[in-house]
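**Student:** Sequence plus the predicted model coming up.
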Amino acid sequence: MKPLESLHDDVRFSVAVTYAGMLMRGISTLDSKSYEEMISLAASSKGKDEDGYRAEFVRLMKTASELAQSKELAIKNH
C-alpha cells in the first residue's frame, strides 16, 4: 500500500472529502481522526484550483470544525 503522501493530489483531496463526510456523520471507525487532520490533508492537496472550489471546501470545513467544537462545549456545559 502506498503512503497517502505519495498519491496524486486529486486522490488525496478525494480522501479528504470522504474523511469530512465521515467526521460530520460521526462515524466511529475514525478512531483519533480530527477535523484538523482532514483540513490539513485537503489544504495540502488542492493542486490546481482554478475555480477555487477546493479552497472553498477547506473554508467550509474550518467552519464545520468550529461548529463541532462549539457543539461539544455546549454539551459539556449542560
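**Tutor:** It's in.

**Student:** Low-confidence stretches in the chain?
**Tutor:** For the chain, applying pLDDT under 70 flags the ranges 1, 28, 30-32, 73, 76-78.

**Student:** So for this structure, the centremost residue is which one?
**Tutor:** The centre of the chain sits closest to Met38, judged by CA atoms, centre = their mean, with a distance of 3.0 Å.

**Student:** How about the contacts made by that residue?
**Tutor:** The contact partners of Met38, taken as CB atoms under 8 Å, 6 or more residues apart in numbering, are 16, 19-20, 23, 61. Quick note: C-beta positions are derived from backbone N, CA and C, even for glycine.

**Student:** Could you say which helix or strand holds the residue nearest to it when sequence neighbours are not counted?
**Tutor:** Leaving aside its sequence neighbours, Met38 sits nearest to Tyr19 (CB to CB, 6 or more residues apart in numbering; 4.5 Å). Tyr19 belongs to helix 9-25 when assigned by DSSP states H and E.

**Student:** Now do that helix: everything it contacts.
**Tutor:** By CB under 8 Å, 6+ apart, the list of residues contacting helix 9-25 reads 4-5, 7, 29-30, 33-35, 37-39, 41-42, 44-47, 54, 57, 61, 64, 68.

**Student:** the helices in the chain, which residues?
**Tutor:** With DSSP state H as the criterion, the chain has helices at 9-25, 35-44, 53-76.

**Student:** Can you say which of these is packed in most?
**Tutor:** helix 35-44 (a mean of 18; mean count of other CB atoms under 10 Å).

**Student:** Send me that helix as PDB with only the CA atoms.
**Tutor:** Provided in PDB are the C-alpha atoms of helix 35-44 (Å, rounded to 0.1, in the frame of the first residue of the first chain):
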ATOM      1  CA  TYR A  35     -11.100  18.000  11.600                       C
ATOM      2  CA  GLU A  36      -7.600  19.500  11.800                       C
ATOM      3  CA  GLU A  37      -6.100  16.400  10.100                       C
ATOM      4  CA  MET A  38      -8.700  16.400   7.400                       C
ATOM      5  CA  ILE A  39      -8.400  20.100   6.800                       C
ATOM      6  CA  SER A  40      -4.600  19.800   6.600                       C
ATOM      7  CA  LEU A  41      -4.900  16.900   4.000                       C
ATOM      8  CA  ALA A  42      -7.400  18.900   1.900                       C
ATOM      9  CA  ALA A  43      -5.300  22.100   2.000                       C
ATOM     10  CA  SER A  44      -2.100  20.200   1.100                       C
END
